[in-house]
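In: curious how this folds, go ahead:
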Amino acid sequence: MTRVSALCAILCGCSFEPRALPPVVDGGVADAPPAPVDAAIIDVPPADAPPADARDLCGWPYPPVLYDPCQLPPTNGDLTINAAATYNTDTHALTMGGTTVLLQATLPQTGGPSLELVVVGEVSITATLTVQGSKPLLLVANGSVLVGAAGAIDASGSAGTAGPGGADPASCTVGAGVKGGDATQGDAGGGGGGGGAFGAKGGDGGDGAGGGHGMGGSGGTSNGTVLVPLRGGCSGGPGGNGAAGQGTGGGGGGAGGAIAVSAKGSVGIESMGRIRASGAGGLGGAIGAGPGGRSGGGGGGAGGAIFLEASSVSLPSGAILCANGGAGGEGAGLTAGGANGDPGQCNVSPALSLGQTDSGGNGGDGGYKSVPAGQRAQNGNTVGGSGGFGAGGGGGSVGRIRIVAVQPPVLQGTTTPTAQVN
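Out: Numbers count the residues shown, from 1 in each chain. So this is what the prediction gives:
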């Protein structure tokens, strides 16, 4: 029997046992009837039944990439963000004035971190919603989603802390920036940390200067293509230390996290609205209690992931989706620590290592749309013959952006890096 027949048999107590009439043949009735006809070949759905694919998707208008629409947790109702708010994927708490714990489900992924699955109705975001925690956020709307002109969803990393679902250990074995080498002589500089990677390669850290200097850490390797599993980028490596009694290398920038928005209806980002998952800048090399600093700067964090899925997606002119990499931190000099690298920018320009305070090497630029890879940092400068300063950290690479829509998406705004469509 087909699935519909079997369901009726269980719930309704009905059964299908078709009886074939004895066939008429020349000279009378045959001695035995033919084998019974299987009810499955005559069992058809009602004329007004939805198409088979709609029944299989529980009324969802398309097959979602990351989840089964027939296995969703209870809805939280409509979601309105009209003041600065934070959602934590570990505590499930939405804080906006007061705190509300949302209904959610944990959705395991093969080869990546588990997802925080939250179901809502209609969504309106006219202020900034910051997403934190260890799991990527998968926001599923039974209606439509609108991010207004003053609205934003931000899943970016910060100094030393990755965004939600960023720096996943299983995913970043080759994508994380490598620590810069420590200096082995008192007047030599430490190497810079490597930049984190995701959508492209991370920048290599610079080499420290002077005899016994530390070598720069390698930038991470690009990995992941279609955001399945959904995860964030990889973090930058810390800078190398100065020799004993001198400065500690700067910490690596946290990777951008991962945010997925899937709507039964439409997803729209108004002009000046944005969704951001950028990497943080690496920290500058520090000075210590000894004769100076000379430590290396930390590598920048890679950008994270933005995944939009809906019946239709609209990104008009002025709207932005950004997952750029952070810049590496500056290496320390003799008497002053290095400057921190800038976080990934939400425009088509690189994050820079600005505000240099001494003669340490500058950090590498973060990746962005036009130059997706993180850039190599500068070496430390040599001073006083054999002495030298710390090197800069490498820049973090861009992350990834993917858009899946039933109708051709309207993409007049900015996506950095370039979005993969469908």
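In: alpha carbons only for contacts and neighbour counts from here, please
Out: Fine.
In: can I get stretch 202-220 in CSV? Just the C-alpha atoms.
Out: Written as CSV, here are the backbone C-alpha positions of stretch 202-220 (Å, rounded to 0.1, in the frame of the first residue of the first chain):
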residue,chain,number,x,y,z
GLY,A,202,45.2,34.2,5.8
GLY,A,203,48.3,36.5,5.7
ASP,A,204,51.6,35.3,7.0
GLY,A,205,53.1,37.0,10.0
GLY,A,206,56.3,39.0,9.6
ASP,A,207,59.7,37.9,10.9
GLY,A,208,61.2,39.6,13.9
ALA,A,209,64.5,41.5,13.5
GLY,A,210,67.9,40.9,15.1
GLY,A,211,70.0,37.8,15.9
GLY,A,212,67.8,35.1,17.5
HIS,A,213,64.6,36.7,16.2
GLY,A,214,61.3,34.8,16.0
MET,A,215,59.9,33.7,12.6
GLY,A,216,56.5,34.8,11.5
GLY,A,217,53.6,32.3,11.9
SER,A,218,51.9,31.0,8.7
GLY,A,219,48.5,32.3,7.7
GLY,A,220,45.6,29.8,7.7
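In: quick one: average pLDDT of the strand or helix carrying I275?
Out: According to DSSP states H and E, I275 maps onto strand 274-276. Strand 274-276 shows a mean pLDDT of 98.
In: and it, what other elements does it pack with?
Out: Helices and strands touching strand 274-276, by 3 or more C-alpha pairs under 8 Å, 6 or more residues apart in numbering; DSSP states H and E, are strand 152-154, strand 320-322.
In: can you tell me what sits against the helix or strand just after that strand?
Out: Per DSSP H and E, the first helix or strand lying C-terminal to strand 274-276 is strand 305-310. The contact list for strand 305-310 (C-alpha atoms under 8 Å, 6 or more residues apart in numbering) reads 64, 227, 230-233, 256-267, 275-277, 321, 323, 399-406.
In: so how do I select the buried members of those residues in ChimeraX?
Out: Buried subset of those, written as a ChimeraX selection, criterion 16 or more other C-alpha atoms under 10 Å:
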select :64,227,230,231,232,233,256,257,258,259,260,261,262,263,264,265,266,267,275,276,277,321,323,399,400,401,402,403,404,405
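In: restricted to helices, list the contacts of strand 305-310.
Out: Applying DSSP state H to these, no entry is found in helices.
In: show me the strands in the stretch 51-200 of the chain, by range?
Out: Remark: strands assigned in the stretch 51-200 of the chain by DSSP state E, counting those that start in this stretch are 79-81, 85-88, 93-96, 98-101, 105-107, 115-120, 123-125, 128-132, 137-141, 145-147, 152-154.
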